[in-house]
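> okay, sequence plus prediction incoming.
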Amino acid sequence: MIPKVTPIATTLAAVALIAGPAMAQESTNLVETSTDWSIFVEDDPTSCWGVAPPSEQVNTRSGERVSVSRGDTLLMVSYIPSQNVKGQVSWTGGYPLAPGRSVTVTIGDTSVQMTTVEGEWAWADTPEDDARLIAAMKRGANAVVSARSSRGTDTRDTFSLMGFTAAVEEAARRCDG
């Protein structure tokens, strides 16, 4: 089984995305921005990933919209050759996820359950799920991630896929040779 990993500089990447390109180049290894997706590369160990923040977030409890405080929310695809990770899809919601619940990623008519959940993170369960998600993301306009927090808040994060194909192909090229 391929290990589930979080990118080394995820926190820095999130700060960089929020703070803007000037800070990103100073504090992280941002190498390129492809519209709504950015590419990051780390050298020790070598790892590359395409990452995007949500374009929209909707939080509800009992069907009613609520205002909640969330940390960084990102959708990403990672490539880490030393750990045999090639195109691993992950999401962090910025809150502790409800135990025993899965996270659903929907792109057009493709829907994948992420049941590998730990803390604020969720991953596609198998390399085949990763491949299905990446193929759908290359064809789609938006990815919608639906989850539930440990406090019972339902979240729905929408991620633009504009620039996704270029970002993921560049990340793969930089880390897979």
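Looks like it came in fine. Residues are numbered from 1 along each chain as shown.
> number of nearby residues for the residue nearest to residue 120 when sequence neighbours are not counted?
Spatial nearest neighbour of residue 120, chain neighbours left out: residue 92 (5.1 Å); criterion: Cβ to Cβ, 6 or more residues apart in numbering. Using the backbone N, CA and C atoms, a C-beta is placed for each residue, glycine as well. By the criterion of other Cβ atoms under 10 Å, residue 92 has 24 neighbours.
> next one: residue 94
18.
> hang on, it packs against residue 71?
Yes. Here residue 94 reaches residue 71: they are 3.5 Å apart, a contact under Cβ atoms under 8 Å.
> overlap in contacts of these two?
residue 120 (Cβ atoms under 8 Å, 6 or more residues apart in numbering).
> residue ranges with poor pLDDT in this protein?
1-28, 30, 32-34, 44-45, 177 (pLDDT under 70).
> ranges for the strands of it?
30-34, 37-43, 46-52, 56-61, 64-65, 74-80, 85-92, 103-107, 110-114, 116-118, 121-123, 142-148, 154-160 (DSSP state E).
> could you dump those into TSV and include distance to residue 167?
Converted to TSV, those look like this (distance: least, Cβ to Cβ, whole Å):
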stretch	distance to residue 167
strand 30-34	4
strand 37-43	4
strand 46-52	4
strand 56-61	19
strand 64-65	31
strand 74-80	8
strand 85-92	12
strand 103-107	15
strand 110-114	19
strand 116-118	23
strand 121-123	19
strand 142-148	13
strand 154-160	11
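> list just the one of the ones you listed that sits closest to residue 131.
strand 85-92 (6.9 Å; Cβ to Cβ).
> direction included, what does that closest one pair against?
strand 74-80 (antiparallel), strand 121-123 (antiparallel) (DSSP bridges).
> I'd like the ones you listed as CSV, with mean neighbour count and distance to residue 146 appended.
What follows is those, written out as CSV (neighbours: other Cβ atoms under 10 Å; distance: least, Cβ to Cβ, whole Å):
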stretch, mean neighbour count, distance to residue 146
strand 74-80, 25, 12
strand 121-123, 23, 11
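> the most centrally placed residue in the chain: what's its closest spatial neighbour, skipping adjacent residues?
What sits nearest the mean C-alpha location of the chain, by Cα atoms, centre = their mean, is residue 75, with 1.7 Å. Leaving aside its sequence neighbours, residue 75 sits nearest to residue 159 (Cβ to Cβ, 6+ apart; 4.7 Å).
> follow-up on the earlier one: who are the contact partners of the residue nearest to the centre of the chain?
Contacts of residue 75 by Cβ under 8 Å, 6+ apart are 51-52, 54, 89-91, 143, 145, 157, 159.
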